[in-house]
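Q: model this:
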Amino acid sequence: MRKALITGANKGIGFETARQLLENGYFVFIGSRNMENGKLAVQRLKEAGFENVEAVQLDVTDIKSVESARKEIESKTEVLDVLINNAGINGGLPQAALDAPAEAFQIVMDTNLYGVVRVTQAFIDLLRKSDQPRIVNVSSSGCSLTLHCDPDWMYYSHKAAVYTASKAAMNMYTINLAYELRDTNFKVNAVCPGFVATDFNGQRGTGTAEEGGTRIAKYAMIGENGPSGKFISEEYNPETGETPW
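A: Predicted coordinates for the structure are as follows:
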């Protein structure tokens, strides 16, 4: 049975991604900053008929929490097949480039970039033991440098200096990570779930968390001929998903 860890999976897109993987026969570790919320998520999934799921306390901004989660998961499995770096924060609004304090950038980066780095580095050894390791960094087409320079893009006026900078930086980390793992069985991609309605955006999205979870799970389960080192948004590009950085 393949095993997956999803950060920030107690609700929203992370929770729906967990459901999708469970439906496909995976064992899923629900990473949750608040353990009680994680246990409630597991309870909901078990009530839906899924048994191969467990909550793990994991605060991506706290290296001790990350290391503790690593030890706990390692005590239960020698191999991790999938890592989905889903945990993220938006930093609130407004986010004007001239007004947002540097501290706001620092706080959001600590979760959206540094958190991804901490978790990836902590679990890379367990992932290396898999015959088909997959890393999905949950991103957003709203962080594409190219699209944000295009006045014809539908979200051109939706600027959020803090959040977009953090995810653009995470995308660059994804590129470097995929490059370093290019001669291995790893598949590493940045994947946008689409503009879906969750607590993250005040339920303002046009799609559902289930749709977003399906898109993320798809790239967590891609085969050996699947892409790596790509920025994927099936909402932006329904045909191939490939999106400009």
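Q: hmm, which helix or strand of this structure has the shakiest average pLDDT?
A: Taking all helices and strands of the chain together, the one with the lowest average confidence (mean pLDDT, DSSP states H and E) is helix 209-220, at a mean of 94.
Q: packing partners for the helix or strand just after it?
A: Later in the chain than helix 209-220, the nearest helix or strand by DSSP states H and E is strand 230-233. Strand 230-233 makes packing contacts with strand 187-192 when contacts are defined by 3 or more C-beta pairs under 8 Å, 6 or more residues apart in numbering; DSSP states H and E. Placement of C-beta: from N, CA and C, glycine included.
Q: Relative to Thr120, how far out is Thr77?
A: Between Thr77 and Thr120 the distance, using C-beta to C-beta, to the nearest Å, works out to 17 Å.
Q: Looking at those two, which is more packed in?
A: Set side by side, Thr77 and Thr120 show more neighbours around Thr120, with 19 against 15, by other C-beta atoms under 10 Å.
Q: May I ask you to confirm that that one is in contact with Ile135?
A: Yes. Judged on C-beta atoms under 8 Å, Thr120 makes contact with Ile135 at a distance of 6.7 Å.
Q: between those two, what contacts are shared?
A: Counting by C-beta atoms under 8 Å, 6 or more residues apart in numbering, the shared contacts of Thr120 and Ile135 are 83, 85, 177.
Q: wait, isn't the second one in contact with Val136?
A: Yes. The pair Asn85 and Val136 passes the contact test of C-beta under 8 Å, sitting 7.1 Å apart.
Q: Apart from its neighbours in sequence, what residue is nearest Glu235?
A: Gly194 (3.8 Å; C-beta to C-beta, 6 or more residues apart in numbering).
Q: What is the neighbour count of that neighbour?
A: 22.
Q: Who are the contact partners of the spatially most central residue of the chain?
A: Residue closest to the mean C-alpha point of the chain, counted by C-alpha atoms, centre = their mean, is Asn86 at 2.6 Å. If a contact means C-beta under 8 Å, 6+ apart, then Asn86 has 6-9, 13-14, 17, 138, 216 as its contacts.
Q: Select from those every entry located in helices.
A: With helices taken from DSSP state H, the overlap with the contacts of Asn86 comprises 13-14, 17, 216.
Q: could you redo the residues you listed as a markdown table and give each row neighbour count?
A: As requested, those are exported to a markdown table (neighbours: other C-beta atoms under 10 Å):
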| residue | neighbour count |
| --- | --- |
| Ile13 | 29 |
| Gly14 | 30 |
| Thr17 | 31 |
| Ile216 | 28 |
